[in-house]
Each structure stands twice: as structure tokens, then as C-alpha cells.
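**Q** This is the structure alone, sequence omitted:
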């Protein structure tokens with residue numbers, strides 16, 4: 001029988017399970033879906049961005065969660081890269097500092113990790129849906145009926161509240177006192193834009209070589225015009241600020257100053273329309289010209305005003321896409337609901353990790369690193385707690 005239980009088989013849960021197994025504990029991992037690591041595998045479909053190789057201060061600042069810094073400092077980018085290589089995955093660092101497996105997939109790494117966990121005696125139970133506590137016991141609905149386990153320690157790693165079909169549905173929050181929670185909010189998400197009919201030909205078009213601004217410094221990136229609005233890496237990078245009320249603007253020509261744009265616009269236009277004039281003198285792509293028409297009609301006649309729009313085009317939107325469509329979520333278990341070892345203050349012996357915790361970070365490797373780091377931290381703390389003679393309790 002297991003003396004350690006992990007609920008959730010994503011990166012945080014599997015890392016916690018490995019730490020517990022390495023400490024000599026018998027571990028059961030309970031996963032509500034038919035297979036493990038579903039969101040991890042989905043992330044790998046577009047290239048598994050494991051972490052980001054950059055100066056420590058900049059890396060840690062991306063999390064805006066000082067309470068998690070001890071875990072992140074113990075298992076940051078260097079450690080994540082070494083972990084992946086130890087699982088037989090060659091890695092490379094892109095020009096932006098993002099780190100990927102050379103195969104650009106999650107499945108080989110996950111298979112190797114699961115094989116290593118099996119050798120360490122970790123048992124994984126799928127289709128086990130946690131329904132809460134019955135006293136000190138964790139209750140599950142399983143294919144074989146109701147199961148209750150009372151391990152010495154439990155690590156909760158059930159994810160946030162996005163991508164319900166992959167297992168992160170946030171339903172676990174119903175089992176907690178509202179004082180211990182912060183409301184879920186979408187993070188790394190797109191925004192709803194109600195396009196006019198003239199934009200139909202541009203749906204699916206990428207916006208390249210742009211900079212987006214939302215309150216702070218402009219961020220270079222890319223975006224995509226979807227049928228529902230704007231999304232993509234550049235949008236995700238500013239999404240938290242936009243969600244929280246900052247105005248979103250796009251610089252369509254970030255390599256030129258506003259003065260240089262105006263100078264080119266003042267060239268003799270002749271009989272050319274504004275659109276043709278901008279296309280010829282600024283090399284604006286059709287999708288950028290369409291955005292100007294969409295968000296700034298009627299276009300100003302003054303070159304100075306037009307240059308200002310090109311360099312800072314306001315994007316009217318209807319707010320974030322739904323929570324379930326977000327890549328990740330903010331909110332969850334509040335920092336003051338846990339101690340420094342990520343143990344629930346209200347339930348000694350129960351720890352939490354991963355996206356269940358109230359933190360958010362941009363895409364670019366931060367999310368997976370955060371889950372691995374907090375899973376490792378909680379797993380090690382749980383192993384230490386379970387090893388104390390006074391805390392020994394068996395299912």
C-alpha cells in the first residue's frame with residue numbers, strides 16, 4: 001500500500017512523485033483522465049518549450065510571485081535542461097533563448113520519464129477522479145467504484161482552470177474554503193475582436209514584425225488574426241496587462257521612428273490612395289493596411305496623424321477569450337493558504353504544486369519550468385514530512 005499520494009499526472013505531479021519515490025516512499029499517482037500528461041503533450045505539438053535560457057533576474061521576474069522563488073532558484077533553467085538531457089533528450093536553445101528538445105515533441109520525453117518512474121515503483125491510476133476529502137481520506141470515483149486513500153502525505157497537482165478537455169477544469173476548487181482561493185482568471189490568452197466583413201480575407205493571416213504595448217514597454221512579437229479576434233505569442237506576452245485594464249496598441253513598423261514614418265508619408269503622393277502610398281513608401285503588408293482601415297476609419301489626411309496611428313494603433317476589443325481557451329490561468333490556491341514548503345496550513349501533510357497555485361507567467365518556457373520546480377519543491381517537502389515517525393500513516 002502507498003504511503004504517498006499524488007493527485008494529478010502533469011509535470012508538477014510527476015515531478016512530485018519522483019521526489020517521493022527517490023526518498024524511498026511508495027507512491028500512487030491518481031489521474032482523472034484516461035492518460036497522463038495531456039496538456040504537456042499538447043504543448044509539445046507546437047514545439048515543447050521547456051524553459052528559457054536568460055539571466056536569472058529576468059527569468060525569475062517573469063513570475064511575479066516572490067513566494068515561489070525558493071522553488072524556482074532550486075530548479076531553474078539550468079536544472080531543467082539537465083533534467084531533460086538525463087532523460088535522454090538532446091536540447092537546443094533558439095535565438096530568443098527558448099529551450100526545446102531537438103525532436104520538438106513532448107512524447108519521447110514523457111515516455112522516458114514514465115519508464116523511469118515505473119522502475120522506481122511509482123503506480124499510476126488513470127480515470128480516478130478526486131471528489132474531495134472524507135475526514136482525512138481522499139475520495140475518488142474510479143471505474144471500480146468509490147476508493148478512499150489515507151496516505152501519510154498527499155501532493156495536489158490538479159492544474160488550473162483552462163483546457164478542460166485535457167484535465168485542467170478547476171473543479172477541485174469546490175473542495176476549498178473561499179478564503180484560501182484567488183479567483184481564476186485567463187492568462188496567455190487571445191482577445192475578442194468583432195471584425196467587420198471587409199476583414200474576411202485576412203482571417204488566419206499572421207502579423208509579423210510588430211510590437212505590442214499594454215501599459216509598459218513595447219514587446220516585439222507576432223500575432224494572428226483569428227475568426228474571433230487576436231491571438232499569438234506577442235498578444236500573450238501583454239495579455240495580463242490588457243486583461244487588467246491596460247489599453248492595447250500595436251506598432252506596425254517597430255524598426256522605424258515616428259519621424260521616419262512621417263517623412264516617408266510626406267513624399268509626393270500624386271493620385272495614389274493612402275493605401276497605395278503606404279504600401280509603396282512604407283512596404284506595409286495587406287494585413288497591416290487592413291488593420292488600419294479596420295481600427296482607424298476614416299484615415300486621417302495629415303501625415304503626422306497617420307504616422308502616429310501606424311506607430312501606436314489602438315486595438316478595440318471585447319475582452320479576453322473564455323477561460324477554458326486560455327493557455328494558462330492566474331488564481332488558485334493563495335500564497336497565504338500554504339506554508340513555505342507548499343503545505344496547506346489547514347491540512348498538515350497535504351501539499352500543492354503547479355498551476356493549482358496562484359501564480360502566472362508568460363509563455364516561453366516559464367510555465368513548464370514553474371510546474372516542474374514547484375512539483376519538485378512540494379514533493380521533497382512531502383517526502384521529508386512523511387519520513388517523520390510521528391507522521392507515519394498508511395492507507
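**A** Alright, I've got the coordinates. None of these values were measured; they are calculated from a predicted model.
**Q** burial measure for residue 316, as a count.
**A** Neighbour count for residue 316, taken as other Cβ atoms under 10 Å: 11. Placement of C-beta: from N, CA and C, glycine included.
**Q** residues contacting the closest residue to it other than its chain neighbours?
**A** Closest residue in space to residue 316, ignoring its immediate chain neighbours: residue 295 at 6.5 Å, by Cβ to Cβ, 6 or more residues apart in numbering. Residue 295 makes contact with 313-316 under the criterion Cβ atoms under 8 Å, 6 or more residues apart in numbering.
**Q** and which of those residues is nearest to residue 23?
**A** residue 315 (50.6 Å; Cβ to Cβ).
**Q** Turn the contacts of residue 295 into CSV, including secondary structure and pLDDT.
**A** As requested, the contacts of residue 295 are exported to CSV (DSSP: H, G, I helix; E, B strand; the rest coil; pLDDT from 0 to 100):
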residue, secondary structure, pLDDT
313, strand, 97
314, strand, 97
315, coil, 96
316, coil, 95
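**Q** If residue 134 is in a bridge, with which residues?
**A** residue 137 (DSSP bridges).
**Q** pretty sure it contacts residue 147?
**A** No. The criterion here is Cβ atoms under 8 Å, and residue 134 misses it with residue 147 at 10.9 Å.
**Q** Comparing these two, which residue is more hemmed in?
**A** Per other Cβ under 10 Å, whichever of residue 134 and residue 147 has more neighbours is residue 147, with 16 against 11.
**Q** Now that one, what are its backbone angles?
**A** phi -130, psi 140 (degrees, to the nearest 10).
**Q** what sits up against the helix or strand of the chain with the lowest mean pLDDT?
**A** Sorting the helices and strands of the chain by mean pLDDT, DSSP states H and E puts helix 274-282 at the bottom, at a mean of 88. With Cβ under 8 Å, 6+ apart as the contact definition, helix 274-282 has outside contacts at 253, 256, 261, 264-265, 267, 269, 272, 284, 289, 292-293, 299, 306, 310.
**Q** which of those has the weakest pLDDT?
**A** Here the lowest pLDDT out of the contacts of helix 274-282 sits on residue 269, with 79.
**Q** That one and residue 280, how far apart?
**A** Distance from residue 269 to residue 280, counting by Cβ to Cβ, to the nearest Å: 9 Å.
**Q** How about residue 179?
**A** 62 Å.
**Q** who has more neighbours, those two?
**A** A count of neighbours by other Cβ under 10 Å puts residue 280 above the other of residue 179 and residue 280, at 13 against 9.
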